[in-house]
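Student: missing the sequence, but the structure's below:
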Ligand SMILES: Nc1ncnc2c1ncn2[C@@H]1O[C@H](COP(=O)(O)OP(=O)(O)OP(=O)(O)O)[C@@H](O)[C@H]1O
Ligand SMILES: O=P(O)(O)OC[C@H]1O[C@](O)(CO)[C@@H](O)[C@@H]1O
Ligand SMILES: [Mg+2]
């Protein structure tokens, strides 16, 4: 089977192997044929649903440029006879003088932006934006919005902009708010959302719709979607939420329902794969500066001041890393991805003592997920999980504080001034800053355009600064973590001049060093 011939979409991509010319009259409808083909191929184990190397199928390997499109599903994949309608934006005042109102169906966004002359063109995603044809009449839309997982600055802005986007751009006025996360679908009453109701909510932190962990019951949720006549579902949440959204999309498809499922990635941990950055992350990093600054002011005003600031980051140390890089007052940053050790040569105690001698004070930023292996050793048997199944973390901040105190006062007989600051919830419970607010608006509008155009099972987000529709399954395959082998971590080490904890000393930290080296050896080398 040769996709390069059967797919009408293929000709849309000019390049060395492109021999087909896209019919200039065909826009979204053209691409939809392609999805139909693609979806049926997905049932064939020979074709991965996510990665169809369109050009890789050509017979002449000499001209294979490795172009791959990782496309999102469309309602017509399983409802082939759905009618389409002209996009009302065609007559919208807002877009009246826009040069190119609609994204072209052949517009894609490259996942890998740094390439070499001979490198393969790689994976691409569909560009997000308004499409010439829509698959919903305005008056037929009944949308709902749900927020799940932990808080993050900007959730309310996304809610507001989905409501306003649906109403102002597409004339939709039937929008429901599902309260209290996934379980709210089947256990709570809905809220009616209008631009007036959500007008001021972006000025507040938290989520206007309330949130929760756990409680995802796919059958009950989709039953409820069906019973209420909902046909667009906007799901705002982190990696767990996106996994839940994927289950909902699969069930909707199985039941053959005309329901578009759109995921909007949310997490201050910035651990969602593929996208450049999650909304609220910058706001959280900015807020973390206040805690770091307080720690610095405190410790530089006393003798042998040691400031410890604990920041969020369950499995990913991005907040700690970026807060450290932004601050310049941090002497050492500890993250979950980089094992560290306390005693011996190259260890944390030695470094603290050096900095105290040099500067009279030290500031340490620790991500909450760092050093969990040590804590687990000292607090055996504690292995609790939250309602979503996420491991509950032990308090590394308190553990570190106690260990440092014991070492310096008992062993080294040094008087120290310890200041421990735990601003964890403060950095995520605030409204988003200006740039996050703009980012949230783009995410919301892109999600609305995608759902109106009939795309489903997608997550929206920026890939190399261009907003794209990414299959939800792709986003949930892996988790974004700080790569110790990337230049960004090296930049941090170069900025703080802290130990890398790679100096092996068999008598003390040898095991940790070995763990780190094994970890690095198993990592895919990438650079940012
Ligand atoms: N594998 C899964 N399948 C279905 N639902 C899931 C899955 N994982 C998590 N969920 C549901 O998603 C919701 C949110 O998950 P979780 O609490 O892990 O937060 P999250 O979305 O990852 O956000 P964050 O980590 O930023 O707080 C919960 O209601 C949970 O039940
Ligand atoms: O205490 P909660 O609300 O369950 O959330 C804590 C977790 O949520 C996050 O903010 C996002 O996953 C993590 O950084 C943190 O571990
Ligand atoms: Mg999560």
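Tutor: Received it, and whenever you're ready, just let me know what you need. Keep in mind that what you see is a predicted model, and the values were worked out from it rather than measured. Ligands and ions are numbered 1, 2, ... in the order given.

Student: Now the residue of the stretch 301-450 of the chain found nearest ligand 1. Nearest residue, chain neighbours left out?
Tutor: Residue of the stretch 301-450 of the chain nearest ligand 1, by Cβ to the nearest ligand atom: residue 388 (3.2 Å). For every residue, glycine as well, the C-beta is placed using N, CA and C. Leaving out its chain neighbours, the residue that sits closest to residue 388 by Cβ to Cβ, 6 or more residues apart in numbering is residue 213, at 4.0 Å.

Student: Check what pLDDT the residue of the stretch 301-450 of the chain closest to ligand 1 gets.
Tutor: Reported pLDDT at residue 388 in the predicted model: 94.

Student: Same check on residue 383?
Tutor: pLDDT, residue 383: 75.

Student: was I right about residue 481 contacting residue 271?
Tutor: Yes. At 6.7 Å, residue 481 and residue 271 qualify as touching, with contact defined as Cβ atoms under 8 Å.

Student: Which neighbours do those two have in common?
Tutor: Common contact partners of residue 481 and residue 271 (Cβ atoms under 8 Å, 6 or more residues apart in numbering): 315, 316.

Student: Please list the residues of the chain that sit near ligand 1.
Tutor: 148-150, 181-182, 213-216, 237-241, 243-244, 247, 267, 269, 388, 390 (Cβ under 6 Å from any ligand atom).

Student: Let me know the outermost residue of the protein.
Tutor: Most distant from the centre of the chain: residue 413, at 46.2 Å, with distances by Cα atoms, centre = their mean.

Student: which SSE is that residue in?
Tutor: Using DSSP states H and E, residue 413 falls within no helix or strand.

Student: Next, the contact list for it, please.
Tutor: The contact partners of residue 413, by Cβ under 8 Å, 6+ apart, come to none.

Student: Residue 207 now?
Tutor: Shown in contact with residue 207 (Cβ under 8 Å, 6+ apart): 147, 151, 155, 156, 159, 236.

Student: now residue 110
Tutor: Each residue near residue 110 by Cβ under 8 Å, 6+ apart is listed here: 121, 122, 123, 124, 463, 464.

Student: Can you tell me which of the residues you listed is nearest ligand 3?
Tutor: Set against ligand 3, the nearest of the contacts of residue 110 by Cβ to the ion is residue 463 (20.1 Å).

Student: Neighbours of that closest one, how many?
Tutor: 23 (other Cβ atoms under 10 Å).

Student: Provide the partner residues of it in its beta bridges.
Tutor: Counting by DSSP bridges, residue 463 forms beta bridges with residue 466.

Student: That one contacts residue 276, doesn't it?
Tutor: Yes. In terms of Cβ under 8 Å, residue 463 counts as a neighbour of residue 276; the distance is 6.5 Å.

Student: Could you work out the most separated pair of the contacts of residue 207?
Tutor: Pairwise distances across these (Cβ to Cβ) peak at 12.8 Å, for the pair 151 and 159.

Student: Between the two, which is the more surrounded one?
Tutor: Each of residue 151 and residue 159 had its neighbours counted (other Cβ under 10 Å), and the higher figure belongs to residue 159 (28 against 19).

Student: Hmm, residue 198 and the more buried one touching each other?
Tutor: Yes. Using Cβ under 8 Å, residue 159 is in contact with residue 198, at 6.0 Å.

Student: Now the common contact residues for those two.
Tutor: By Cβ under 8 Å, 6+ apart, the residues touching both residue 159 and residue 198 are residue 208.

Student: Identify the residues contacting the closest residue to residue 332 other than its chain neighbours.
Tutor: Leaving out its chain neighbours, the residue that sits closest to residue 332 by Cβ to Cβ, 6+ apart is residue 498, at 4.2 Å. Contacts here follow Cβ under 8 Å, 6+ apart; on that basis residue 498 touches 331, 332, 333, 351.

Student: Bridged to the second one, which residues?
Tutor: Bridge pairing for residue 332 (DSSP bridges) gives the partners residue 364.

Student: From residue 65, how far off is it?
Tutor: Residue 332 sits 46 Å away from residue 65, going by Cβ to Cβ, to the nearest Å.

Student: between those two, which one's more packed in?
Tutor: Using other Cβ under 10 Å, the more surrounded residue of residue 332 and residue 65 is residue 332, with 21 against 18.

Student: State the distance from that one to ligand 3.
Tutor: 26 Å (Cβ to the ion, to the nearest Å).

Student: what do you get for residue 253?
Tutor: In this view, residue 253 and ligand 3 are 24 Å apart by Cβ to the ion.

Student: what about that residue, which helix or strand?
Tutor: Assigned by DSSP H and E, residue 253 belongs to helix 239-255.

Student: Can you point out the buried residues in that helix?
Tutor: If you call a residue buried by 16 or more other Cβ atoms under 10 Å, then helix 239-255 has these buried ones: 239-253.
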